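**Student:** Next come a sequence and a model predicted from it.
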Amino acid sequence: SLISSYSSAESLFQRFIKMVSDTSVSFTSVNGYAKTLNVIPKYFLSVCKRLSGKTASEIINEEIIKTSKIMLRDNTKSIKQIADSLNFANQPHFGTFFRRHVGMSSQQYRSKSSECFY
């Protein structure tokens, strides 16, 4: 029925959001989440779009950026360690991703945020 398919979509979406915000699970790909949630990527993508108005990738990227910013404020980890812990292939890949989404390099963000917090 329509009601049960909506509630299962809602449940799937809630599980996805919980996984995305869990820092111990860090897939960077939509397929990684779809596989773990046991659904085909196409269905998974349509559920995200329908329930949030955003693509699954947008949700994943927002969470990666939010986590990156928190980690960059902590000067005990190198940018390479942050890139590794977020499952980026390498530091340049993380750097490109961060700059594309934030508009400045991770190093610039770290310098700027340390001025603001101390």
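**Tutor:** That came through, no problem. Numbers count the residues shown, from 1 in each chain.
**Student:** low-confidence ranges in the chain?
**Tutor:** 1-6, 23-26, 116-118 (pLDDT under 70).
**Student:** Against residue 71, how distant is the residue nearest to residue 106 when sequence neighbours are not counted?
**Tutor:** Of all residues not flanking residue 106 in the chain, residue 98 sits nearest, at 4.6 Å (Cβ to Cβ, 6 or more residues apart in numbering). Heads up, the C-betas are built off the backbone N, CA and C, glycines and all. Separation of residue 98 from residue 71 (Cβ to Cβ, to the nearest Å) stands at 11 Å.
**Student:** now swap in residue 95 and tell me
**Tutor:** 14 Å.
**Student:** Measure how buried residue 29 is and give me the count.
**Tutor:** 13 (other Cβ atoms under 10 Å).
**Student:** Make 55 the first number, not 1, from now on.
**Tutor:** Okay, using 55 as the starting number, the last item reads as residue 83.
**Student:** Could you pull up the residues touching it?
**Tutor:** Listed by Cβ atoms under 8 Å, 6 or more residues apart in numbering, the contact set of residue 83 reads residue 114.
**Student:** Would you quantify the distance from it to residue 122?
**Tutor:** 17 Å.
**Student:** now swap in residue 116 and tell me
**Tutor:** Distance from residue 116 to residue 122, by Cβ to Cβ: 11 Å.
**Student:** Between those two, point out the one with more neighbours.
**Tutor:** Using other Cβ under 10 Å, the more surrounded residue of residue 116 and residue 122 is residue 122, with 23 against 13.
**Student:** This protein: helices as residue ranges?
**Tutor:** Listed in chain order, the helices of the chain (DSSP state H) span 56-75, 84-90, 95-106, 110-127, 133-139, 145-156, 160-171.
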